[in-house]
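> Give me the fold of what follows.
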Amino acid sequence: MTNNKQEKECMKRFTDIMLAGEETGKSIDEVAEKLFEEYNIIRKQPKQENKQQEVCEMPDEGYRHSKVEKLTDNQFKELDVLKCSLQAENNKQIRKWGIQTHHIMEWLAFTTEELGELSQAISEHYYRKGKAKKVYYEAIQTATLALKIAEMYYPLFIEEASDE
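Below is the predicted model:
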């Protein structure tokens, strides 16, 4: 299957899952879990590298993960999954709020609020046994808003580039 076909299949499956989730009263977390289960069926598995992740021992000062991996930029190896998650979040936002028009400072405020929620999720994960999936979902929500701003500014970027 080509990437384009995979993306279309992923979005079709997501739409089906979201509709089913809304009809049965499932939470967005449950719907997202099902999406990933479904999507893994068609997703190409990345090659496993035999590279050991470095692990740091953390001092025992209240709860912290006893072993914390140094997180490394994965160079968008999972871009197909990320794009699917971003599109799904965009669709969810449009269903909830409709197509929105706001002043740029309002878009900035919305994105800053989402970044604060991402910060809280990371802290909860690190210090209080929070769930990694909460960090993932908050990162996707933040990225979705940031990409909406980038898309709104893209015509201005092109206009400026053509003037140079």
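
> okay, residue 5: pLDDT?
The model reports residue 5 with a pLDDT of 65.

> Can you show me the helices along this structure?
3-24, 28-42, 79-97, 104-128, 132-163 (DSSP state H).

> Output the lowest mean pLDDT helix or strand found in this structure.
strand 55-57 (a mean of 42; mean pLDDT, DSSP states H and E).

> Give me the domain ranges for the chain.
1-44+77-98, 100-164 (automatic domain parsing).

> Would you single out the least confident of those?
When I compare the domains of the chain, domain 1-44+77-98 is least confident, with a mean of 69.

> unless I'm mixing things up, residue 139 is touching residue 118, no?
Yes - the criterion here is CB atoms under 8 Å, and residue 139 meets it with residue 118 at 5.6 Å. To be clear about C-beta, it is placed using only N, CA and C from the backbone, and glycine gets the same treatment.

> Report the separation between residue 160 and residue 123.
Applying CB to CB, to the nearest Å, one obtains 38 Å for the distance of residue 160 from residue 123.

> actually residue 92, not the one I wrote
Taking CB to CB, one finds residue 92 at 24 Å from residue 123.

> So between these two, which is more surrounded?
Each of residue 92 and residue 123 has its neighbours counted (other CB atoms under 10 Å); residue 92 has more, 17 against 12.

> From residue 86, how far out is the more buried one?
Distance of residue 92 to residue 86, computed by CB to CB: 11 Å.

> do residue 143 as well
Plainly put, residue 143 is 6 Å away from residue 86 if you go by CB to CB.

> can you check residue 126 too?
Distance from residue 126 to residue 86, by CB to CB: 24 Å.

> what does residue 129 give?
Residue 129 is 27 Å from residue 86, by CB to CB.

> more crowded one of these two?
Neighbours of residue 129 and residue 86, each counted by other CB under 10 Å, are more numerous for residue 86; the result is 17 against 10.

> show me what contacts that one?
140, 143-144, 147 (CB atoms under 8 Å, 6 or more residues apart in numbering).

> wouldn't residue 111 be in contact with residue 143 here?
No - look at residue 111 against residue 143 with CB under 8 Å: they stay out of range, at 9.6 Å.
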